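K.L.:
need a structure here:
(2 chains)
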Number of protein chains: 2
Amino acid sequence: MVEWARLDYLKDTQVNISSEFSIIKKYLSGIGASYLTTNGINLAGGDDCAVIAANSKLLISTDTSVAGVHFLKSMPAESIAYRSVATALSDIAAMGGNPIAFNLSLVMPNFNSDWMKAFKKGLQKISREFQFPLIGGDIAKGPLQISVTVLGKPEKKYLLRSNAQSGDVLCLSGALGSGYIGLKEYKRSGELNSKTKPYLFPSAQIAYGRMIASIASSAIDISDGIVQDLSHLSSSSGVGCNVDLDEVPVVDKQYKKQCLEFGDDYQLLFTVPPKKLFTLQAKLNSCKKKCHTIGVMGGKKLILTNNQGSMRNWDHFQ
Amino acid sequence: MVEWARLDYLKDTQVNISSEFSIIKKYLSGIGASYLTTNGINLAGGDDCAVIAANSKLLISTDTSVAGVHFLKSMPAESIAYRSVATALSDIAAMGGNPIAFNLSLVMPNFNSDWMKAFKKGLQKISREFQFPLIGGDIAKGPLQISVTVLGKPEKKYLLRSNAQSGDVLCLSGALGSGYIGLKEYKRSGELNSKTKPYLFPSAQIAYGRMIASIASSAIDISDGIVQDLSHLSSSSGVGCNVDLDEVPVVDKQYKKQCLEFGDDYQLLFTVPPKKLFTLQAKLNSCKKKCHTIGVMGGKKLILTNNQGSMRNWDHFQ
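P.N.:
Predicted coordinates:
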């Protein structure tokens, strides 16, 4: 009688066939387990599927982060984990939803226990912050990539990109450019500080999204830069907009163009019917949050004025 | 007035910022759209999240396929797409569920329209076969990987890995090794034929899983080879098993060891209480399906006898 040679002889399609399950058990199990019951998760991890006791509408979104493209390989694993989940969460925020659980697929070239420890810390951090558990996923061997699927519950009404109306006021939840400035500073200093934090640990605007869910007519998160994301909102809704880019708040005026273009800010861009502006103001005050109005929806074209006075168009309708 | 230079100046974190959305629109939109309403999908594609009108329990599973690890880069894109979804679907089958929708995250190094056309064909094929739509996801630039999240609805009872009881009969939905033989033959001929088809287009055993959902006490799919997967079922259930590997059916006896070890078969391994064997037999007959009994659950150890007569143990309980 001999042991199965620790199963090492089996096809190595996974990180390491004998250690794959010990890695999952040690580093990816039990994250946010205390939120399972309250979030209606019947079964998480350890079986073929997770089971959700859904009794309402569910939001779902998947976001993949690729090393060297969406993050730097050299970044702390804690940040890589946190960021990967936060960018997926941002889609739930843009629908005005509340996250209930997430799945994670981690592909990595090799196993390093320190890296995995830090990665787990990042998952725990965001799980605790938004009180939602990791309920499943897989790990595999390959070039570093993290794919996150987030599930959420919408408020009574969920926010679409496509419902902006002519006359609605275009609003922004915060100044843009903290992603750009954060990455720039991180490349310089390699440190976690007040400037790099918004890049290393971006804030998904979940509370903000829920606050405006019953007020806004449409919303989208700023992940690809305001021009790109505003053009989506505008074209989905079939209504244009006139925005003076000089009026869009940025965190560092010295880098205005880059702050507007870069994305990775995860602020919410949304539209509010004029008659609901008063309600919005009251809510913002009670939640101690801010809002910047940057334009009014109308016409068929998205017209963007820059600080040189010339105008540039991005027209999806022709 | 000038155009926004087709947005090309924006950060190229995606396949190509100006073509990302046209690729999604052309190749990844509308797949299985005719199943949206019947499967309870309120919103699919084009917004930050998809919306599911869930009024029952939901199953969810994520599976990632990496080029060079889970599939050959040289394989037809139609097969790569189909396989990536089928392997995720297999987890729904192992829970006895019925797929209702899937999300897809496609990371690829560059864009090739012929490849994308074939990839779309593979998605359409599996969507049609199991009547479930693609409801969202993302594309990004990077080493070729496909991450699929499948949602399903369970039958009244869902199948766990952890509920096998001492005395239950261990069953297999079909012979093992078609994955191994298929890949071997594909490497030789590079053709789609009856031998390579089970590797290029593996069958998720959805109908089989639903058929046994009310009969079996536990189930798992054979993705990692029978020893690996049986050890999961056995350890999750806390009950051992004695299996003579000579009695496990394989598609080619000449490669018995490889057929048992290789995995990628997606047959179901499940346990049935003795008093339900008659019901199982009747169901199998009416569905014209087969089942192989390969052992009986019992004891604390998983004991595997091979054809040389020597025995090998894989013991999770010590």
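
K.L.:
mind checking the SS state of A:A219?
P.N.:
strand (DSSP: H, G, I helix; E, B strand; the rest coil).

K.L.:
residues contacting it?
P.N.:
Taking C-beta atoms under 8 Å, 6 or more residues apart in numbering or on different chains, we find A:A219 in contact with A:94-96, A:159-161, A:209, A:212, A:233, A:268-271, B:48. All C-beta spots, glycine's among them, are computed from the backbone N, C-alpha and C.

K.L.:
what do you get for A:Q145?
P.N.:
A:Q145 sits next to A:64-67, A:107, B:107, B:142-143, B:145 when contact means C-beta under 8 Å, 6+ apart.

K.L.:
do that again at 6 Å, thanks
P.N.:
A:66, A:107, B:145 (C-beta atoms under 6 Å, 6 or more residues apart in numbering or on different chains).

K.L.:
which of the residues you listed fall within helices?
P.N.:
Assignment to helices by DSSP state H places none of the contacts of A:Q145 there.

K.L.:
of these, which is the nearest to A:G298?
P.N.:
A:V66 (38.2 Å; C-beta to C-beta).

K.L.:
and A:V248, how far from A:D229?
P.N.:
Separation of A:V248 from A:D229 (C-beta to C-beta, to the nearest Å) stands at 12 Å.

K.L.:
next one: A:V148
P.N.:
As judged by C-beta to C-beta, A:V148 and A:D229 stand 20 Å apart.

K.L.:
these two: who's more crowded?
P.N.:
A:V148 (30 against 21; other C-beta atoms under 10 Å in any protein chain shown).

K.L.:
mind listing the helices for the stretch 1-150 of chain A?
P.N.:
A:20-27, A:77-94, A:113-130 (DSSP state H, counting those that start in this stretch).

K.L.:
which of those helices sits most buried?
P.N.:
helix A:77-94 (a mean of 27; mean count of other C-beta atoms under 10 Å in any protein chain shown).

K.L.:
just want the angle from that helix to helix A:113-130.
P.N.:
30 degrees (axes from the mean of the first three to the mean of the last three C-alpha atoms, to 10 degrees).

K.L.:
so what touches helix A:77-94?
P.N.:
A:59, A:61, A:63, A:65, A:71, A:99, A:115, A:118-119, A:121-123, A:125-126, A:146, A:148, A:150, A:152, A:200-202, A:204-206, A:209, A:219-221, A:266, B:48-49.

K.L.:
please apply the same query to stretch A:52-65.
P.N.:
A:40-42, A:71, A:84, A:87-88, A:91-92, A:95, A:97, A:146-154, B:49-54, B:57-58, B:103, B:105, B:107, B:137-138, B:140, B:149.

K.L.:
now the residues you listed: which count as buried?
P.N.:
Among the contacts of stretch A:52-65, those scoring as buried are A:40-42, A:71, A:84, A:87-88, A:91-92, A:95, A:97, A:146-154, B:49-52, B:54, B:57-58, B:103, B:105, B:107, B:137-138, B:140, B:149 (criterion: 16 or more other C-beta atoms under 10 Å in any protein chain shown).

K.L.:
who in the stretch 101-250 of chain A is up against chain B?
P.N.:
Contact residues (C-beta under 6 Å from any C-beta of the partner chain) of the stretch 101-250 of chain A with chain B: A:103, A:105, A:107, A:137-138, A:140-143, A:145, A:147, A:149, A:160-161, A:225.

K.L.:
narrow these to those in strands?
P.N.:
Counted as lying in strands by DSSP state E, out of these, are A:103, A:105, A:107, A:137-138, A:140-141, A:145, A:147, A:149.

K.L.:
how about those in JSON lines, adding distance to A:S29?
P.N.:
JSON lines is the format used below for these (distance: C-beta to C-beta, whole Å):
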{"residue": "A:N103", "distance to A:S29": "14"}
{"residue": "A:S105", "distance to A:S29": "15"}
{"residue": "A:V107", "distance to A:S29": "19"}
{"residue": "A:G137", "distance to A:S29": "11"}
{"residue": "A:D138", "distance to A:S29": "13"}
{"residue": "A:A140", "distance to A:S29": "17"}
{"residue": "A:K141", "distance to A:S29": "20"}
{"residue": "A:Q145", "distance to A:S29": "21"}
{"residue": "A:S147", "distance to A:S29": "19"}
{"residue": "A:T149", "distance to A:S29": "18"}
